[in-house]
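1. This is a predicted model, with the sequence first.
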Amino acid sequence: MHNTKRLKKLFMPIFMALGVISLALILYYVFAGVSVETWDYNIPRRVKIISAILLVSVAVGISSVIFQTITANYILTPSIMGLDNLYIFLQTVVIFFLGSGQLEMMSSPTHFLLTLIFMICVSTGIFFFMFKGQGTNIFYVVLVGIIFGVAFEGMSSFMQVLIDPSEFSVLEGRMFASFNRINVELLGITSIVVVATISFLISDFKNLDVLTLGRAQAITLGVNYKRVVLKSLVIVAILTSTSTVLVGPVTFLGILIVSIARFLCPTYRHMILLPATVLVGVCILVFGMLITERLLDFTVPLSVIINFAGGIYFIYLMLKLKRI
């Protein structure tokens, strides 16, 4: 208890700074440039975007930290499991067989839930099958995730070559994350899924802290390694799928915000690291939306900016590890 209070006191200035920056960016984004004539249009639209940013920051941030913990690797993120490619593959299949009109209907709550359930079932099915056959070899699961991701990408590319160009233009809009085309009805469903999933995770914070020591040490200290890892992978699959279905794939967001959070809060305690990652995600996404809307005038999607910065950082990490 004393150690927990000391940690909270140590990192409180960082949390306060991140909180103030996040709040300032949110208020500026929502209210800057709003006149009486445009109030009824701009405020609801911007509040909807901020709500989506908060949900994505929570889902991507928490899932990325947990995934790095159970893989004991600070470069890997859930996108390596192929969930982004699975999402694009699913959208491609719908257009290929049913047409773009049906894809537009997938913004409804029913189709949203069906897409979400399908992605969760596929990803968790892979995990359960791999763990059943290969014990608790987490790296085998990661390898299979990479293979499935490549397979989904290849099948998507094959079908995209065959579909009509006008249909492909509709699909292309789904291949990049967008916070501007979100259905308001989906925010409530997403909030329920995210909150319920996090509530399911809270009881394992201490086990995840021990898991940072490695598999052998965690088992020695009494952690049910297989149960905790399998449960964590299911949570990662749910959070990642929820974020991807809501706004689209943002491949390098996870590694970017987690790396910044780890730099600001160098601790293994998840009760500190998880909220720090979420706050960093809010700062980056809101700042990115300001650049996209106010400076670039919507000419460049936010996901392109995030993936560009995250991709450069990922290459830097790879080169750094190579030198080591």
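-> Yep, it's here.

2. other SSEs contacting the host helix or strand of residue 219?
-> Using DSSP states H and E, residue 219 sits within helix 215-220. In terms of contacts (3 or more Cβ pairs under 8 Å, 6 or more residues apart in numbering; DSSP states H and E), helix 215-220 is packed against helix 205-211, helix 225-247. Yep, even glycine has a C-beta here, placed from its N, CA and C like the rest.

3. Run the chain-centre distance for it.
-> Relative to its parent chain, helix 215-220 has a centroid offset of 28 Å by Cα atoms, centre = their mean, to the nearest Å.

4. now swap in stretch 207-224 and tell me
-> 25 Å.

5. Poorly predicted segments of the chain, please.
-> For the chain, the stretches with pLDDT under 70 are 1-5, 7-8, 80-81, 99-108, 126-142, 173-174, 321-324.

6. What ranges does it have for its helices?
-> For the chain, the helices defined by DSSP state H cover 2-31, 39-71, 83-98, 100-105, 109-134, 138-162, 165-174, 184-201, 205-211, 215-220, 225-247, 253-264, 270-290, 302-323.

7. Which of the ones you listed sits closest to residue 77?
-> Among these, helix 253-264 comes nearest to residue 77, with 3.8 Å by Cβ to Cβ.

8. Quick check: buried residues in that closest one?
-> By 16 or more other Cβ atoms under 10 Å, the buried positions in helix 253-264 come out as 253-262, 264.

9. Point out the other helices and strands that that helix packs with.
-> helix 39-71, helix 270-290, helix 302-323.

10. possible to save the helices of the chain as TSV with distance to residue 296?
-> Shown next, in TSV, are the helices of the chain (distance: least, Cβ to Cβ, whole Å):
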stretch	distance to residue 296
helix 2-31	15
helix 39-71	16
helix 83-98	23
helix 100-105	26
helix 109-134	29
helix 138-162	27
helix 165-174	17
helix 184-201	25
helix 205-211	38
helix 215-220	45
helix 225-247	18
helix 253-264	18
helix 270-290	10
helix 302-323	8
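
11. Can I get the helices and strands packed on helix 253-264 in TSV including mean neighbour count and distance to residue 91?
-> As requested, the helices and strands packed on helix 253-264 are arranged in TSV below (neighbours: other Cβ atoms under 10 Å; distance: least, Cβ to Cβ, whole Å):
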stretch	mean neighbour count	distance to residue 91
helix 39-71	21	18
helix 270-290	23	22
helix 302-323	15	15
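
12. Could you dump the ones you listed into JSON lines with distance to residue 20 added?
-> Output for the helices and strands packed on helix 253-264, formatted as JSON lines (distance: least, Cβ to Cβ, whole Å):
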{"stretch": "helix 39-71", "distance to residue 20": "16"}
{"stretch": "helix 270-290", "distance to residue 20": "10"}
{"stretch": "helix 302-323", "distance to residue 20": "23"}
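
13. and of those, who's closest to residue 183?
-> Ranking the helices and strands packed on helix 253-264 by proximity to residue 183 (Cβ to Cβ) places helix 39-71 first, at 9.2 Å.

14. I'd like the distance between the nearest residue in space to residue 287 that is not next to it in sequence and residue 217.
-> Closest residue in space to residue 287, ignoring its immediate chain neighbours: residue 25 at 5.9 Å, by Cβ to Cβ, 6 or more residues apart in numbering. Applying Cβ to Cβ, to the nearest Å, the value for residue 25 to residue 217 is 40 Å.

15. try residue 170
-> Noted for residue 170: a distance of 51 Å to residue 217, by Cβ to Cβ.

16. I'm done for today, thanks for sticking with me.
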